[in-house]
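**Student:** okay, here's the prediction I keep looking at, along with the sequence it came from:
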Amino acid sequence: MSATALKPQPETAALNVRIKRLPHAQGLELPRYETELAAGCDVRAAVTEPLTLKPGERFMVPTGIAIAVPPGWEAQMRPRSGLAAKHGISCVNAPGTIDADYRGELKVILINHGAEDFTINRGDRIGQMVFAPVYQAAFEEVDELDDTARGSGGFGSTGV
Ligand SMILES: O=c1ccn([C@H]2C[C@H](O)[C@@H](COP(=O)(O)OP(=O)(O)OP(=O)(O)O)O2)c(=O)[nH]1
């Protein structure tokens, strides 16, 4: 991975991402940013018929698209707050990780945390993708780590 691939791009430049529409996504809108400075672009359900999630149920919802995330980047598949607040719909694995070498169909693993059935129709906006730079770690095995004030305190060690 080249160093330049990881450099933030100028404010005006967008990240160039190749996208492929799969046959079952014919007629659906491709992901797009709903406002000028939106961080996430909404992805749509490429279901062929309405899909109902009962309370507590989850389903891997197809989006009908595949993308090539540039090296040095990832895409995060995140829930939409409107669906979460109004209906308790979220992504089980939020944020889902779309790797730069993944070429399969993007899926949104939705779960119904609400108290009522929730129906997803073809073309509904079910999640949003956020692109972010990533670094892979080069792990260096050592016998001791350096001391810090926190040490091994965690999981609420500073109180509520
Ligand atoms: O919400 C998600 C999460 C992942 N993926 C796709 C893209 C990602 O690159 C691939 C693998 O995801 P992840 O690495 O999270 O899965 P894993 O359980 O670690 O499987 P694998 O062994 O295939 O990496 O699945 C999605 O379409 N939606």
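**Tutor:** That came in fine, so what should we check first? Please read all numbers here as calculations on a predicted model, not as lab measurements.

**Student:** the ligand versus Ala115, what's the distance?
**Tutor:** Applying Cβ to the nearest ligand atom, to the nearest Å, the value for Ala115 to the ligand is 24 Å. Where you see a C-beta, it was placed from the backbone N, CA and C, and this is true even at glycine.

**Student:** check Leu22 too.
**Tutor:** Distance of Leu22 to the ligand, computed by Cβ to the nearest ligand atom: 12 Å.

**Student:** bridging residues for the residue nearest to the spatial centre of the chain?
**Tutor:** By Cα atoms, centre = their mean, the chain has its centre lying nearest to Met77, at 0.9 Å. Beta-bridge partners for Met77, by DSSP bridges, are Gly96, Met129.

**Student:** that one and Val92 touch, don't they?
**Tutor:** No. Taking contacts as Cβ atoms under 8 Å, Met77 lies outside contact range of Val92: 10.7 Å.

**Student:** which residue does the chain bring closest to the ligand?
**Tutor:** Distance from the ligand to each residue of the chain (Cβ to the nearest ligand atom) is smallest for Gly96, at 2.1 Å.
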